[in-house]
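**Student:** A predicted structure for the sequence below; I have some questions about it.
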Amino acid sequence: MTLGVNRSWRILLRLARWLACFAVIISPWLFGSAEPWEFIIISIIVAFASFFWLLSVILNTKRTIKPDWAPVAFGAMVLVFLLQLAPLGNDFLSVFSPASQKIYDSHNLTLQAMNIRGPFVEKHLPEPTSSVSSGDTTTALFLFMTYFAIFIILSNSIRTKVQLRRISYLLVVAGFVIAMMSIMHKLSGSDKLLWLRIPYYGGNIFGPFTNRNHYALFMNMTFSVGLGLLLYETMGRRVAIGSDWRARLSVISTSYASRIALL
């Protein structure tokens, strides 16, 4: 690899890494990314990050994708989604997904009872699929691809402990800011997201989220990162670089680790 190509590869990898981190951090501020326009913005940001990462892979073909099982897992999950979206005949659907067949039959019976027929209705009747809501399944497919792309980009672009610590601190700080802002928002009694916007679909608002469970999941993610960072800063450096997993695991059973756990 020439000097110019190596420099370009590093720049592309850095762009992909920080765009992926930016998507994770900005997602809650887009009112929880619960509405279509919100997660479309996140998907576009991740698409640019994926583009830069793929260019870096092309420039440096010697680097392999990590983890090794990622392409197989990605392909298997996409195949599951496509099988759910594939148009199936009524006979095959009754065997493959009897519950979906019953729903489609109920739908057709309702149209018959309402005497709603005609070329337009017949043309726009949904094709029998194992998914009872093809639109939601398609949305879930794009969201899965977005999440998986973030996982792959960060797994392959974080190459040093310094980069890992920097991103971990960034996520922890972002989680802390979201937590403090959400608590203040709840205490204020506002029924608007971030004091600005009434959610289109309604919900139990907490900070920028329309669902308190979404807030809890985001906090679980940032808390886990913070806990891992705390353990690394306090115990990780006590393990020699290159030590095997037994040496790393033995640190947990020390009295020093017990004091950290109590803290």
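**Tutor:** Now that the structure is in, tell me what you want to look at.
**Student:** next, count neighbours for P208.
**Tutor:** 24 (other C-beta atoms under 10 Å). Quick note: C-beta positions are derived from backbone N, CA and C, even for glycine.
**Student:** no no, L227
**Tutor:** For L227, using other C-beta under 10 Å, the count is 11.
**Student:** is it fair to say it lies in a strand?
**Tutor:** No: under DSSP: H, G, I helix; E, B strand; the rest coil, L227 sits outside any strand and is assigned helix.
**Student:** measure it to V172 for me?
**Tutor:** Remark: distance between L227 and V172 (C-beta to C-beta, to the nearest Å) = 10 Å.
**Student:** same thing with K192?
**Tutor:** Noted for K192: a distance of 27 Å to V172, by C-beta to C-beta.
**Student:** in terms of neighbours, single out the busier of the two.
**Tutor:** Set side by side, K192 and V172 show more neighbours around V172, with 18 against 13, by other C-beta under 10 Å.
**Student:** how about the contacts made by the more buried one?
**Tutor:** Applying C-beta atoms under 8 Å, 6 or more residues apart in numbering, we find V172 in contact with 222, 225-226, 229.
**Student:** which residue is the nearest non-sequential neighbour of it?
**Tutor:** With sequence-adjacent residues excluded and distances taken as C-beta to C-beta, 6 or more residues apart in numbering, V172 is closest to G226, at 4.4 Å.
**Student:** kindly report the same for L83.
**Tutor:** Nearest one to L83, counting by C-beta to C-beta, 6+ apart, is S130 at 6.9 Å.
**Student:** and the one you found, that one's in a helix?
**Tutor:** No: assessed with three-state DSSP, S130 is coil; it does not lie in a helix.
**Student:** and the two most separated of the contacts of V172?
**Tutor:** T222 and L229 (10.3 Å; C-beta to C-beta).
**Student:** looking at the two, which is more packed in?
**Tutor:** Per other C-beta under 10 Å, whichever of T222 and L229 has more neighbours is T222, with 21 against 17.
**Student:** which residue packs closest to the more buried one, ignoring adjacent ones?
**Tutor:** Closest to T222 by C-beta to C-beta, 6+ apart is G175, at 2.7 Å.
**Student:** show the contacting residues for the residue nearest to L83.
**Tutor:** Residues counted as contacts of S130 (C-beta under 8 Å, 6+ apart) are 83-84, 86, 88, 93, 96-97, 100.
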